[in-house]
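> Take a look and give me a structure for this.
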Amino acid sequence: MKIGVLASNPDLYSNQRLLEAGAERGHEMVFLNLQQCYMKVDDINPDVHFRGGATLSDLDAVITRIKPSQTFYGCALARQFDSMGIYTVNSSEAIAQSRDKLFALQLMLKSGISIPTTGFASSPMDTNDLIEMVGGAPLIVKLLEGTQGSGVVLAETKKAAESVINAFKAVSANLLVQEFIKEADGKDLRCFVIDGKVVASIQRTAAPGEFRANLHKGGSASIVKITPEERKLSIKAAKALGLQIAGVDLIRSKKGPLLLEVNSSPGLEGIETATGKDVAGMIISSIENKLNWKQPVAGTTADQASE
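Below is the predicted model:
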C-alpha cells in the first residue's frame with residue numbers, strides 16, 4: 001500500500017517511527033507536509049496536490065498527525081482525502097471534536113464518563129462564581145486550545161485564580177477552570193487506544209516543582225498496570241469522539257478515575273520507550289486490517305496479496 005503521514009515535522013520521533021514501521025511491513029510511505037499540500041474541490045474529480053503539482057490520488061491511506069495551530073487546514077485536507085475515497089486515520093470530524101476541550105468534555109458527560117468539575121465563562125464579571133463553582137482554589141486554568149501542557153496554569157489561591165482568569169479574559173482567550181485533584185500527586189495515566197483497545201499504558205510523573213505530568217514539561221514515564229475501570233473509560237472516551245487512534249489521559253482520584261482529555265495525535269516516543277512496544281507498527285497493522293491488506297508471501301506481489 002501507499003500510505004501518507006500528514007504532519008508538519010518529518011524529523012519528529014512519532015512521524016519517523018510511522019514511516020519506518022510502514023516501510024518495514026513493505027509499504028510505500030510518504031511524508032506529507034500539510035503546509036505544502038493544496039486541494040482541488042470538485043464534484044467530479046476532487047484531488048490533493050503536493051509541492052510542485054504531484055497528485056496524491058494514488059494514496060491508499062493517510063495518517064493524520066495535525067498540530068493544534070494547523071487544525072483548521074489539517075481537517076480540511078483530511079476531509080478532502082476522505083471525499084477522494086482515501087482512508088484517513090483519524091477523521092477530520094474526530095480531530096475537530098477532540099481539539100475543542102469544552103465540546104469534548106461535554107461529549108464525555110453525554111457518554112457517562114467522569115471528569116473533574118469544570119467551569120467555563122466568557123465574562124470577567126463571572127470570575128468569583130466561576131472559582132466557587134469548581135470548589136475554590138487551588139484550581140487549574142486551561143486555554144481551550146492548549147496542548148502538551150501549554151496554556152495550563154495552577155492557581156494556588158483565590159487571588160491568583162482571579163488574576164490568571166482576568167488576564168486571559170483581557171486578551172479574549174477561551175478558557176476552562178477545573179478542580180485540582182490534589183491526591184493525584186503530580187501523576188496521570190496515558191492510555192493509548194487503537195481501534196477500541198488499549199494497546200499500551202504509562203504513568204507520567206511531573207518533574208520536581210511542576211504540577212503538569214506532560215513529558216514535554218520534563219515529566220517521566222513508567223509502565224503501569226491500569227484497572228479494568230480505567231481501561232473501560234479509555235475505550236469509551238475514544239469512542240465518544242470517534243477516534244480510531246487516541247491518547248487518553250486519566251487521573252486517579254478519591255472518586256475513581258477521571259478523564260482529563262483525549263489527544264487525537266498522541267506522541268509515540270514516551271510510550272514506546274517506557275513500554276518497549278511497537279505502537280507505530282500497531283497503527284500500521286490497524287490500517288492493514290481496515291483495508292483488508294495481507295502481508296505478501298514469497299513469490300507473490302503486493303497487488304496479488306491484497307486481492
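
> after the host helix or strand of Leu6 comes which helix or strand?
Assigned by DSSP states H and E, Leu6 falls within strand 2-7. The helix or strand immediately downstream of strand 2-7 is helix 13-24, counting by DSSP H and E.

> same for that following helix, what does it pack against?
Under the contact criterion of 3 or more C-beta pairs under 8 Å, 6 or more residues apart in numbering; DSSP states H and E, helix 13-24 touches strand 2-7, strand 28-33, helix 269-275, helix 279-290. Placement of C-beta: from N, CA and C, glycine included.

> which stretch in the ones you listed has the least confidence?
Mean pLDDT values for the helices and strands packed on helix 13-24 show the minimum at helix 269-275, a mean of 94.

> List the buried residues of that helix.
Gly270, Ile271, Glu272, Ala274, Thr275 (16 or more other C-beta atoms under 10 Å).

> hang on, the earlier thing: distance to Ile223 added to the helices and strands packed on helix 13-24, as JSON lines?
Shown next, in JSON lines, are the helices and strands packed on helix 13-24 (distance: least, C-beta to C-beta, whole Å):
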{"stretch": "strand 2-7", "distance to Ile223": "27"}
{"stretch": "strand 28-33", "distance to Ile223": "29"}
{"stretch": "helix 269-275", "distance to Ile223": "6"}
{"stretch": "helix 279-290", "distance to Ile223": "13"}
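
> among those, which is nearest Ala76?
Proximity to Ala76 (C-beta to C-beta) singles out strand 2-7 among the helices and strands packed on helix 13-24, at 11.2 Å.

> Can you list the strands that the closest one pairs with?
The strands beside strand 2-7 in its sheet (DSSP bridges) come out as strand 28-33 (parallel), strand 61-64 (parallel).

> how much does the helix or strand just after the last one deviate in direction from strand 28-33?
So that's strand 61-64. Next in sequence after strand 61-64, counting helices and strands by DSSP H and E, comes helix 71-83. Relative orientation of helix 71-83 and strand 28-33, computed by axes from the mean of the first three to the mean of the last three C-alpha atoms, to 10 degrees: 150 degrees.

> Show me what whichever helix or strand comes after helix 71-83 is packed against.
Using DSSP H and E, the helix or strand that follows helix 71-83 in sequence is strand 87-89. Packing partners of strand 87-89 (3+ C-beta pairs under 8 Å, 6+ apart): strand 61-64, helix 71-83, helix 279-290.

> Could you dump these into a markdown table and include mean neighbour count?
Below are the helices and strands packed on strand 87-89 laid out as a markdown table (neighbours: other C-beta atoms under 10 Å):
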| stretch | mean neighbour count |
| --- | --- |
| strand 61-64 | 25 |
| helix 71-83 | 19 |
| helix 279-290 | 19 |
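
> Including distance to Gln97, could those go into TSV?
Listed next are the helices and strands packed on strand 87-89 as TSV, based on distance: least, C-beta to C-beta, whole Å:
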stretch	distance to Gln97
strand 61-64	13
helix 71-83	10
helix 279-290	20
